[in-house]
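K.L.:
Test case, fold it:
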Amino acid sequence: MQGEPTIKVGILNAPQIQISLMQPYCCAEVPGTLTGTQTFAVTRNGKIEWQGRNYTRLDFSAAGDDATFEVSDVIIGVNFHWERRETQQFCGNISLIVENGAITLINILPVESYLTSVISSEMSATANLEFLKAHAVISRSWILAQIERRWHKDETCNCKSCTRTDNEIVRWYDRDDHVNFDVCADDHCQRYQGITRQSTPTVRQAIEATRGLVLTDNCGKLCDARFSKCCGGVFEEFDNCWEPRHHHYLVARRDSDTTTDFPDLRVEENAKKWILGTPDAFCNTSDARILGQVLNNYDQETSDFYRWTVEYTQDELSALIRERSGIDFGQIISLEPLERGTSGRIVRLKIAGTKRTMTIGKELEIRRTLSSSHLYSSAFVVETETFEDDAVPCKFTLRGAGWGHGVGLCQIGAAVMSARGYSFDKILFHYFPGASLSNLY
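P.N.:
Numbers count the residues shown, from 1 in each chain. Sure thing, here's the model as predicted:
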């Protein structure tokens, strides 16, 4: 890779988009430069209507290095419990296309500028420098790996992301469904909220200090560097969440100095004991100062990420699963883990109802089926209560561990490590054992 690449980020897809050009921008369709508020709407025949004319595509380039634009009604946290709309400001160039019957706004900018926003969007811009440096490296590694995969049309795994039979649905969700841009701006990929999130000199220092620095595997290939909020004590392996592909640097370890000291959480009894306990781990913390470094304001609406509890009546659970899955199971009788991953996360869950029984997986499909947004993780134990002399459950209690898929870097664990004096490279090699650091540009 020669020089710093540019990337395309999908910001918003909507029938109408309003953009305020804060400094001059140029558009090939209009002579001179443009500023001020511009409104774009999709027509019935799939065109973009702007200033009384229709276009198949519109591209705007910044007339100066400091040009920015503002976008109204950008949705963040799509389908999660913190979902909301914001007005956000961005730098770089703009492309507007019609996609899925609406207009897609794409922001085109250099990778390092993108990362400055990602670091401030994924966590607090006031976090510890070593933690920010570690996250800069994995965010850079991940986005460049996605671009490289697109360039080389990686076909080493041709498996489908969903398999369905009469009795089982196994589905995973990844980034390959973005066709016209490299990544989206939300949790589906990496949070990118432009220059809306207040950056700091520390963030800029972390980006500059690690410029072009990435994680590579034992073949010199870019690492698919994943991360989540909280692993729950043990890391999950890649193939338990996504396609059946093993990465030697994404393996099970305990999130502590004693990385090999943990039971086999694929065994049900071990998983129950682990999840119902509060074992020592870097990410097992209630230190508000550290959590404030990792969690942005809307993330701090959640406080029980290491161990959590969700309760449903039978009627609530039955209605929820019917709504979220589109399948009428009748009244839910049981939830039975059939397969767990290395962190105790359920990979395959059998749902038994009075009308039908089916198995679902993988972890994100389980999380979205059992919550109106998403469960914090699929590492949970199911407890049931029944009425006296009645074998049918009247209440289901899910007691769980962790927040997110648990693969790769654990953000809260990494923040604790940095607070305890670990350098960014030590943090990276803890979460990505066997990986190396390399300079791409």
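K.L.:
Dihedrals phi and psi, residue 232?
P.N.:
phi 90, psi 10 (degrees, to the nearest 10).
K.L.:
residues in contact with it?
P.N.:
275, 281, 283, 306-307, 343-344, 377, 379, 400-403, 406 (CB atoms under 8 Å, 6 or more residues apart in numbering). Every C-beta, even on glycine, is put in place using the N, C-alpha and C of the backbone.
K.L.:
Now, those residues that are in helices?
P.N.:
The helices, defined by DSSP state H, take in residue 275 from the contacts of residue 232.
K.L.:
measure the residue nearest to residue 170 when sequence neighbours are not counted to residue 424 for me?
P.N.:
For residue 170, ignoring the flanking residues on the chain, the nearest one in space by CB to CB, 6 or more residues apart in numbering is residue 361 at 4.5 Å. From residue 361 across to residue 424, the span is 35 Å (CB to CB, to the nearest Å).
K.L.:
Tell me if I'm right that residue 43 and residue 50 touch.
P.N.:
No: counting by CB atoms under 8 Å, residue 50 is not a contact partner of residue 43; they are 10.4 Å apart.
K.L.:
Looking at the two, which is more packed in?
P.N.:
Using other CB atoms under 10 Å, the more surrounded residue of residue 43 and residue 50 is residue 50, with 19 against 12.
K.L.:
For the more buried one, which residues count as its bridge partners?
P.N.:
According to DSSP bridges, the partner residues bridging residue 50 are residue 53.
K.L.:
isn't it right up against residue 57?
P.N.:
No: the pair residue 50 / residue 57 is not scored as a contact, 11.1 Å apart, by CB under 8 Å.
K.L.:
Let me know the secondary structure of residue 413.
P.N.:
helix (DSSP: H, G, I helix; E, B strand; the rest coil).
K.L.:
since we're on it, how many residues are nearby?
P.N.:
27.
K.L.:
quick one: contacts for it?
P.N.:
230, 231, 255, 281, 282, 283, 431.
K.L.:
and of the residues you listed, the nearest to residue 119?
P.N.:
Nearest to residue 119 among the contacts of residue 413 is residue 431, at 16.6 Å by CB to CB.
K.L.:
pLDDT averaged over the strand or helix carrying residue 338 - what is it?
P.N.:
Of the helices and strands defined by DSSP states H and E, residue 338 is found in strand 332-340. Averaging pLDDT along strand 332-340 yields 98.
K.L.:
Flag every buried residue along it.
P.N.:
Under the neighbour-count criterion of 16 or more other CB atoms under 10 Å, strand 332-340 has 332, 333, 335, 337, 339, 340 buried.
K.L.:
pLDDT below threshold where in the stretch 101-250 of the chain?
P.N.:
150-160, 174-177, 187-188, 196-198 (pLDDT under 70).
K.L.:
can you do 50?
P.N.:
154-157 (pLDDT under 50).
K.L.:
Would you map the strands across it?
P.N.:
If you assign secondary structure with DSSP state E, counting those that start in this stretch, the strands in the stretch 101-250 of the chain sit at 102-110, 162-164, 168-171, 183-184, 213-216, 227-228.
K.L.:
Equivalent analysis for the stretch 251-400 of the chain, please.
P.N.:
307-313, 332-340, 346-353, 357-361, 380-386, 393-401.
K.L.:
Using CSV, please lay out the ones you listed together with distance to residue 112.
P.N.:
Output for the strands of the stretch 251-400 of the chain, formatted as CSV (distance: least, CB to CB, whole Å):
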stretch, distance to residue 112
strand 307-313, 36
strand 332-340, 39
strand 346-353, 37
strand 357-361, 38
strand 380-386, 39
strand 393-401, 36
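K.L.:
For residue 290, find the nearest of the ones you listed.
P.N.:
Using CB to CB, the nearest of these to residue 290 is strand 307-313, at 17.1 Å.
K.L.:
what residues does stretch 30-41 touch?
P.N.:
15-27, 48-51, 58, 60, 63, 96, 103.
K.L.:
let's go with 7 Å and repeat that
P.N.:
Residues from elsewhere that reach stretch 30-41 (CB atoms under 7 Å, 6 or more residues apart in numbering): 15-21, 23-27, 48-50, 63, 96, 103.
K.L.:
cool, stretch 256-263 as well?
P.N.:
Taking CB under 7 Å, 6+ apart as the rule, stretch 256-263 contacts 234, 253, 254, 270, 274, 280, 281, 282.
K.L.:
Of those residues, which is the most crowded?
P.N.:
In the contacts of stretch 256-263, the most neighbours by other CB under 10 Å go to residue 234, 28 neighbours.
K.L.:
Test my guess that that residue contacts residue 264.
P.N.:
No: between residue 234 and residue 264 there is no contact under CB atoms under 7 Å: 10.1 Å.
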